[in-house]
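*Asks:* what's the 3D shape of this:
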Amino acid sequence: MRPATCPTHRLRVKFPARENLFPTELLIFALSPRRSNRRWEQPFALSTRKLPTMAEKKLFYPFIVEPFQEDYTGHLAWSTLGNLILRVSSLHAETHNFGFTYMQTHHRGWVLSRLVLELDHLPLSGERYQLGTWVNRIYRHFTDRLYVVTDPNGVPFGYGTSTWALIDYETRQPVNLETLPDGGFHQALLDEDVPIDGPSRARVQETEPVLRHTAAYTDLDINGHFNSIRYIDLLLNTFDKDWHDTHTVRRVEMAYGLEAYAGQQLRVYRHTLSDDRVAFEVRRPTEDEKSESVLVRAVLTVKTRN
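*Replies:* Numbering: from 1, shown residues only. Next up, the predicted model:
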């Protein structure tokens, strides 16, 4: 599920409220294609191929931890894992003909709303591992995509969940996924869950940021927005090296809201929920500097490093 590459539009989309989703108003992390006055010349149909087999619904992609993908401890960096998760989402969607290529043709694009990743451990430099992904459920305006992280023999050591919406660039509204012609991508659904808890909700009341960051060139994605996975780096940078020497993150929960652009100041607020859970909000000041807008809410679950 890859965002479109096309001319820049700031697109505000109103979503129906859904439990555990933040916020109900979301700015998409994709560029909008130029608006077309043409009506669809063909009906919107996601696939004319034969129905996928069970094995095709759940696809695995092999990786190896390269030196440039690790953190200073020699483990796979969380931001690298996040980017690869988005990559396999795109590859899987392309395979089933509801990815970037097809959606761009019909002026539609996928938007990431929530992401949860939980691992027993992060693989070390040089280790091989696999990322598996499949589409689990379809709601009216959202769909859930799940993940599993395994060793080369298929033994799991991590799982993930994500929530996406499909945006129609012509109407600037989310598409009703239950009414797509030809059954939409129901044929790719796999009724298989992952053994981790769903996303939690946590508010941060702190008024003094622990980190200030001005969005710069290397923070931006192809859409000119602050990269959604780059926020994970911001959260981790609120802790000093001494903390990282003795702690490691085992679970990341991200709830995406408004986007940020180059030159905007981001303020990271942190609140300790318990010995092993820390909540965050990334905010930016409003134009009049009198208040702040929440861009991201997140929760990290940590453990003592062995």
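*Asks:* was I right to think D151 contacts L131?
*Replies:* No - judged on CB atoms under 8 Å, D151 makes no contact with L131 at a distance of 11.7 Å. Glycine gets a C-beta too; all of them are placed from N, C-alpha and C.
*Asks:* neighbour-wise, which of the two wins?
*Replies:* Using other CB atoms under 10 Å, the more surrounded residue of D151 and L131 is L131, with 23 against 13.
*Asks:* which residues touch the host helix or strand of the more buried one?
*Replies:* Element membership for L131 (DSSP states H and E) is strand 128-138. The contact list for strand 128-138 (CB atoms under 8 Å, 6 or more residues apart in numbering) reads 57-65, 84-85, 88-89, 92, 96, 123, 143-152, 154, 177-178, 184-186, 188-193.
*Asks:* these in helices, which ones?
*Replies:* Judged by DSSP state H, these include 57, 84-85, 88-89, 92 as members of helices.
*Asks:* which one of the residues you listed sits closest to S228?
*Replies:* I85 (10.7 Å; CB to CB).
*Asks:* pLDDT wise, what is that closest one at?
*Replies:* The confidence metric pLDDT takes the value 97 at I85.
*Asks:* for K241, see how far away it is.
*Replies:* Per CB to CB, to the nearest Å, I85 is found 26 Å from K241.
*Asks:* the contacts of strand 128-138 in strands, which ones?
*Replies:* Secondary structure from DSSP state E places 59-64, 143-150 of the contacts of strand 128-138 in strands.
*Asks:* residues contacting I232?
*Replies:* With CB under 8 Å, 6+ apart, I232 has these contacts: 78-79, 82, 252, 254, 298.
*Asks:* so it, which state does it fall into?
*Replies:* When classified by DSSP: H, G, I helix; E, B strand; the rest coil, I232 comes out as helix.
*Asks:* let me know how buried the spatially closest residue to N83 that is not a sequence neighbour is, in neighbour terms.
*Replies:* Spatially, and ignoring its direct neighbours in sequence, N83 is nearest to I229 (5.2 Å; CB to CB, 6 or more residues apart in numbering). If you count neighbours by other CB under 10 Å, I229 ends up with 20.
*Asks:* that older thread, what subset of the contacts of strand 128-138 is buried?
*Replies:* Burial by neighbour count, 16 or more other CB atoms under 10 Å: within the contacts of strand 128-138 this picks out 57-59, 63, 65, 84-85, 88-89, 92, 96, 123, 143-150, 177, 184-185, 188-190.
*Asks:* please tell me how far I229 sits from F98.
*Replies:* From I229 over to F98 the distance is 22 Å, taken as CB to CB.
*Asks:* picking up where we left off before, next, give me the two most distant ones among the ones in helices among the contacts of strand 128-138.
*Replies:* Every pair of those checked by CB to CB; the farthest is K57 and L84, at 20.0 Å.
*Asks:* residues contacting the closest residue to V149 other than its chain neighbours?
*Replies:* Nearest residue to V149, sequence neighbours excluded (CB to CB, 6+ apart): G158, at 3.4 Å. Applying CB under 8 Å, 6+ apart to G158 gives the contacts 117-120, 147-149.
*Asks:* may I see those residues organised as a markdown table, with distance to P209 and pLDDT added?
*Replies:* As requested, the contacts of G158 are exported to a markdown table (distance: CB to CB, whole Å; pLDDT from 0 to 100):
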| residue | distance to P209 | pLDDT |
| --- | --- | --- |
| L117 | 25 | 98 |
| E118 | 27 | 98 |
| L119 | 28 | 98 |
| D120 | 32 | 97 |
| Y147 | 31 | 98 |
| V148 | 36 | 98 |
| V149 | 32 | 98 |
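*Asks:* tell me which of the residues you listed is nearest to D288?
*Replies:* Among the contacts of G158, and counting by CB to CB, the member closest to D288 is L117, at 36.5 Å.
*Asks:* what residues are bridge-paired with that closest one?
*Replies:* Note on L117: beta-bridge partners G160, V252, judged by DSSP bridges.
*Asks:* and for it, the neighbour number?
*Replies:* Neighbour tally, L117, other CB under 10 Å: 23.
*Asks:* quick one: residues contacting it.
*Replies:* 78, 81-82, 85, 147, 158-160, 251-252.
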